[in-house]
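Asker: Let's see this in three dimensions:
(chains A and B)
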Amino acid sequence: KAGVTQTPRYLIKTRGQQVTLSCSPISGHRSVSWYQQTPGQGLQFLFEYFSETQRNKGNFPGRFSGRQFSNSRSEMNVSTLELGDSALYLCASSLSTGSGDGYTFGSGTRLTVV
Amino acid sequence: GQNIDQPTEMTATEGAIVQINCTYQTSGFNGLFWYQQHAGEAPTFLSYNVLDGLEEKGRFSSFLSRSKGYSYLLLKELQMKDSASYLCAVRGTRDTPLVFGKGTRLSVIA
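Answerer: Numbers count the residues shown, from 1 in each chain, chains lettered A, B, ... in the order given. Here you go, the predicted structure:
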């Protein structure tokens, strides 16, 4: 079966712009989680969605937002980009929240803010 | 709050055994996961422990002690391809997301 697909793979944006990242989970997986990965901080939790509802939200400013569609695909948006937003953004899908199977990650979107 | 600690870097020799430790403090406990992440790639699932004891999967084993808030990942017969970051992640309560440690970068040398 197809894995978790994230688009685009790479993005370069200018400070102040906004960006939308997309994630298509594994077929049948209803939970999608987003993480920001940076060398100094590791994986930091952004959001978790299940059946179009945001179940959990991490400690990120309101510039970071997301949503999930009825087909379980998810998008996250970052507005008014800052240099510190440069990171690898990872999407992970699982059958449900609390699944013992853990997450399957996509390859990520590497965002560079200049 | 939740806190997960693991060593930042480790080096081991090809063919040897290495143990990567992880200690955690969480509100509730609903499982501990280990992931492997090669440079520039996505993390991939290695193991899951929810009960105390050892889980073995080929060259990789993972141990959990819930009373001590402690886990380790044991890698046997190390190969050069095992050079990667190893991430420890804990789920506190059932409906909370995985919280990750910062990862241990393992270098396997000849």
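Asker: can you list the residues of chain B near chain A?
Answerer: Listed as neighbours of chain A in chain B under the rule Cβ under 8 Å from any Cβ of the partner chain: B:30-31, B:33, B:35, B:41-45, B:48, B:50, B:87, B:89, B:91, B:94-103. Where C-beta positions appear, they are placed from N, C-alpha and C, glycine not excepted.
Asker: Just the buried subset of these, please.
Answerer: B:30-31, B:33, B:35, B:42-43, B:45, B:48, B:87, B:89, B:91, B:96-103 (16 or more other Cβ atoms under 10 Å in any protein chain shown).
Asker: Select from the residues you listed every entry located in strands.
Answerer: Among these, DSSP state E puts B:F33, B:Y35, B:F45, B:Y48, B:L87, B:A89, B:V99, B:F100 in strands.
Asker: which of these sit farthest apart?
Answerer: Farthest pair in these (Cβ to Cβ) is B:F45 and B:V99. Separation: 15.9 Å.
Asker: For stretch A:105-114, C-alpha coordinates in PDB please.
Answerer: Included here for stretch A:105-114 are C-alpha records, laid out as PDB according to Å, rounded to 0.1, in the frame of the first residue of the first chain:
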ATOM      1  CA  PHE A 105       6.000   9.100   8.800                       C
ATOM      2  CA  GLY A 106       6.100  10.800   5.400                       C
ATOM      3  CA  SER A 107       9.400  12.000   4.000                       C
ATOM      4  CA  GLY A 108       8.800  15.500   5.100                       C
ATOM      5  CA  THR A 109       8.800  19.000   3.600                       C
ATOM      6  CA  ARG A 110      12.000  20.900   4.100                       C
ATOM      7  CA  LEU A 111      11.100  24.600   4.500                       C
ATOM      8  CA  THR A 112      13.800  27.200   4.200                       C
ATOM      9  CA  VAL A 113      12.900  30.800   5.100                       C
ATOM     10  CA  VAL A 114      15.300  33.400   3.800                       C
END
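Asker: Pull the contacting residues for B:L46.
Answerer: B:F33, B:W34, B:Y35, B:Q36, B:K57, B:F60, B:S62, B:L73, B:Y86 (Cβ atoms under 8 Å, 6 or more residues apart in numbering or on different chains).
Asker: is it true that the last one touches B:V108?
Answerer: Pointing back at B:Y86 there. No. Using Cβ atoms under 8 Å, B:Y86 makes no contact with B:V108, being 11.9 Å away.
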